[in-house]
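Visitor: Predicted model, plus sequence, below.
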Amino acid sequence: MDYADDAQRTSNTLFTLWQKHRLKTAVDSSTDTSVKIDAPHYCECCGEEIPQARLLAVPTARYCCDCQKSLEKKSRNSSQFVAKYVYH
């Protein structure tokens, strides 16, 4: 085996763990039947109220749009870090 094989296995493992985490998060969110869209919901990151329109579009939203974008950007940047340093 060589470095490319090791990198591919590591990548596959990380991707599988990421998928399991996303699935568990989705299941945990969807099993909370006490969530009511009429009641105010607050962003877990900044504490601001999540707009009604966002909750209608994504009833299980845990973050406001700005915080969600920020988290996704950080996630993309960390993925690029892994790609840059693990694969090269």
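Guide: Yes, it's here.
Visitor: can you give me the mean pLDDT across the longest helix belonging to the chain?
Guide: Longest helix of the chain, by residue count under DSSP state H: helix 3-30. Averaging pLDDT along helix 3-30 gives 80.
Visitor: list the buried ones in the following helix or strand past that helix?
Guide: Using DSSP states H and E, the helix or strand that follows helix 3-30 in sequence is helix 52-57. For helix 52-57, the neighbour count (16 or more other CB atoms under 10 Å) marks 54-55 as buried. Yep, even glycine has a C-beta here, placed from its N, CA and C like the rest.
Visitor: Now do helix 52-57: distance to the chain's middle.
Guide: How far helix 52-57 lies from its chain's middle: 18 Å, per CA atoms, centre = their mean, to the nearest Å.
Visitor: Restricting to C-alpha, output it in CSV.
Guide: Taking Å, rounded to 0.1, in the frame of the first residue of the first chain, the C-alpha atoms of helix 52-57 are listed here in CSV:
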residue,chain,number,x,y,z
GLN,A,52,-41.2,32.5,10.5
ALA,A,53,-40.4,32.2,6.8
ARG,A,54,-37.3,30.2,7.5
LEU,A,55,-39.2,27.9,9.9
LEU,A,56,-41.9,27.3,7.3
ALA,A,57,-39.2,26.4,4.7
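Visitor: what mean pLDDT would you report for that helix?
Guide: Mean predicted lDDT for helix 52-57 stands at 90.
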